[in-house]
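S.K.: Quick one: sequence plus predicted model below, questions after.
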Amino acid sequence: MARPTSKTDLTSASQINFEKLNDLIATMTEKEFNTPFDFSSDVKKKEAHWKRDKNLRDILIHLYEWHQLLLNWVSSNMKGEDRPFLIPPYNWKTYGDMNVEFWKKHQDTSLEDAEKMYKKSHNDVMKLAETFSDKELFTKDVFPWVGGSTLGSYFVSATASHYDWAMKKLKAHKKNCK
């Protein structure tokens with residue numbers, strides 16, 4: 001699927017990938033739920049997240065926390081409160097460390113709670129996207145606090161693209177469990 005460049009495409013891609021991810025989760029076996037993720041034997045999986053996330057809860061929490069980044073960033077800036085997308089002191093070079101902090105923060109969160117949080121925050125993000133026009137979402141320089149990108153690109157990254165990432169990881173885990 002091509003990266004969305006309109007509000008209609010954003011809404012559609014986000015919802016389709018959200019449903020695909022939920023369908024994939026629904027097909028997980030007891031063994032797949034209970035086996036810790038381990039991608040250490042695959043030399044192609046070098047990025048830190050392949051080692052960080054050990055189960056479905058970790059993935060859902062990651063999605064939830066990135067939804068929160070988007071929701072808080074947009075909400076604050078729309079009220080005139082200057083706020084960066086990433087939580088200080090993190091930046092785009094160090095956000096991997098922020099992701100580790102999210103992971104640590106939720107090690108006592110149950111899978112059931114993680115699933116509820118992720119589903120609610122998805123709905124919150126989609127409701128927020130609905131409040132913006134196509135032009136506001138996909139035209140550069142509409143909101144100075146967005147920087148050199150479009151607001152819509154952040155919505156795509158926090159939803160459809162992140163759901164692709166989650167599905168890729170879950171499929172790799174399911175394959176490992178066979």
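M.R.: Happy to help now that I have it. Numbering: from 1, shown residues only.

S.K.: For the residue nearest to the spatial centre of the chain, what is the enclosing helix or strand?
M.R.: Among the residues of the chain, the one closest to the centroid is residue 63, at 3.5 Å (Cα atoms, centre = their mean). In this assignment (DSSP states H and E), residue 63 forms part of helix 56-78.

S.K.: Go through that helix and flag the buried ones.
M.R.: 56-71, 73-74, 77 (16 or more other Cβ atoms under 10 Å). C-betas here are computed from N, CA, C, even on glycine.

S.K.: what does stretch 113-133 give?
M.R.: 114, 115, 117, 118, 121, 122, 125, 126, 128, 129, 132.

S.K.: Export these as CSV, with columns for pLDDT, secondary structure and distance to residue 20.
M.R.: Putting the buried residues of stretch 113-133 into CSV (pLDDT from 0 to 100; DSSP: H, G, I helix; E, B strand; the rest coil; distance: Cβ to Cβ, whole Å) gives the following:
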residue, pLDDT, secondary structure, distance to residue 20
114, 98, helix, 18
115, 98, helix, 16
117, 98, helix, 19
118, 98, helix, 14
121, 98, helix, 18
122, 98, helix, 13
125, 98, helix, 17
126, 98, helix, 15
128, 98, helix, 21
129, 98, helix, 18
132, 98, coil, 24
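
S.K.: Tabulate these in a markdown table, adding columns for distance to residue 99.
M.R.: Putting the buried residues of stretch 113-133 into a markdown table (distance: Cβ to Cβ, whole Å) gives the following:
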| residue | distance to residue 99 |
| --- | --- |
| 114 | 15 |
| 115 | 19 |
| 117 | 16 |
| 118 | 15 |
| 121 | 16 |
| 122 | 18 |
| 125 | 18 |
| 126 | 23 |
| 128 | 22 |
| 129 | 23 |
| 132 | 26 |
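
S.K.: What is the nearest of those to residue 165?
M.R.: Proximity of the buried residues of stretch 113-133 to residue 165 (Cβ to Cβ) peaks at residue 118, which lies at 13.4 Å.
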